[in-house]
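Trainee: got a structure for you, letters missing:
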DNA sequence: CGTCTCGCTTACGTTCGCGTCAACTTGGCC
DNA sequence: GGCCAAGTTGACGCGAACGTAAGCGAGACG
């Protein structure tokens, strides 16, 4: 399968990021593409990690927070302490996300209400323009 | 009522921000405390705006995006074009938030699943330690 | 009166997450 | 061999959102 390994360009096109971004994430130890000679090659695992990175960013987590969280998604033979640490980080992030989820729900209701009021004001203003 | 107007220090304590932050928001025209002599005084309207600002930040919006959105919460005699513009911005933010809401829901399910698996790995590792 | 605290302004410093640019290798093609 | 495209490694730059420090009133207190 040609979709097993991808070049940096293919990755950039697929995920809408720049090469600089991918190298930056690698420097921060968020992804670990293998090297064929000098070039980087990204496999399915790298793509899965990148998906999680971009998702995490959208929720406002820092790259460092995301890096820690990514360990949770690595079944690699980590020892007890490492797994426990990853679980701890994961629980913290989960709590953050659930708080954010609840707050977002409120904020959406609130914003919808404000939009309704504004639409009423707008139609009132329009009527004034017409009948004024 | 003494809670009608608040000093910068009271605001900082109430909202857990620094004076620098409040002055910065003012410089970016997100809040408009009145001046008694040289000092700033914040009223209920300022507090409401600050609440929305901090909320917006938690959802990953920039201060500029928040500033535009705040106009939606201002019933002040804005003209038709301004109201329409605010509504447009508001709809965009609403769409952003609803997307984020849906994605967050998925991410939470995902993370919970990973946590479960990790906990299984942890207990397996513990048993190895004991019986090893 | 001195000094303390609170707040003000001005201005430079910092961190994060990349963008941008220069200079170098490498592989393919003619 | 010559040349281009794609990729690489530094190194510096930049905007956002503040932090921090310097220096200046102005009121309160003993």
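Mentor: Sure thing, it's come through. Just so you know, these numbers come straight off a predicted model, no measurement behind them.
Trainee: Tell me, how many residues neighbour residue A:52?
Mentor: Residue A:52 has 20 neighbours, counted by other Cβ atoms under 10 Å in any protein chain shown. C-beta here means a position set from N, CA and C on the backbone, and glycine is covered the same way.
Trainee: Which strand or helix spans it?
Mentor: helix A:44-58 (DSSP states H and E).
Trainee: The helix or strand just after that helix close to DNA strand D?
Mentor: Heading C-terminal from helix A:44-58, the first helix or strand you meet, by DSSP H and E, is helix A:63-70. No - Helix A:63-70 is not in contact with DNA strand D by Cβ under 7 Å from any atom of the strand; minimum separation 12.5 Å.
Trainee: by contact count, what packs against helix A:63-70?
Mentor: Counting contacts by 3 or more Cβ pairs under 8 Å, 6 or more residues apart in numbering or on different chains; DSSP states H and E, helix A:63-70 packs against helix A:44-58, helix A:80-131.
Trainee: Which pLDDT value does the model give the closest residue to residue A:60 other than its chain neighbours?
Mentor: Nearest residue to residue A:60 in three dimensions, chain neighbours excluded: residue B:60, at 4.5 Å (Cβ to Cβ, 6 or more residues apart in numbering or on different chains). The confidence metric pLDDT takes the value 93 at residue B:60.
Trainee: Next: residue A:1.
Mentor: 43.
Trainee: pretty sure residue A:40 belongs to a strand, no?
Mentor: Yes - checked against DSSP: H, G, I helix; E, B strand; the rest coil, residue A:40 lies within a strand.
Trainee: which sections of chain A are below the confidence cut-off?
Mentor: Scanning chain A for pLDDT under 70 picks out A:1-3, A:77, A:128-132.
Trainee: Which residues of it lie near DNA strand D?
Mentor: Close to DNA strand D, as judged by Cβ under 7 Å from any atom of the strand, chain A has residues A:7-9, A:19, A:23, A:38-40.
Trainee: which among those are in contact with DNA strand C?
Mentor: Answer for the residues of chain A next to DNA strand D near DNA strand C (Cβ under 7 Å from any atom of the strand): residue A:38.
Trainee: Residue A:124: which of the residues of chain A next to DNA strand D is nearest?
Mentor: residue A:19 (52.3 Å; Cβ to Cβ).
Trainee: ok, how many other residues are close to the closest one?
Mentor: Using other Cβ under 10 Å, residue A:19 has 13 other residues around it.
Trainee: tell me, what residue is most central in chain A?
Mentor: Of all residues in chain A, the one closest to the mean position by Cα atoms, centre = their mean is residue A:55, 1.7 Å from it.
Trainee: Was I right to think that residue contacts residue B:103?
Mentor: Yes - counting by Cβ atoms under 8 Å, residue A:55 touches residue B:103, with 6.9 Å between them.
Trainee: so the helix or strand that residue A:23 is a member of versus helix A:44-58, what angle?
Mentor: Per DSSP H and E, residue A:23 falls inside helix A:19-27. Interaxial angle, helix A:19-27 versus helix A:44-58 (axes from the mean of the first three to the mean of the last three Cα atoms, to 10 degrees): 100 degrees.
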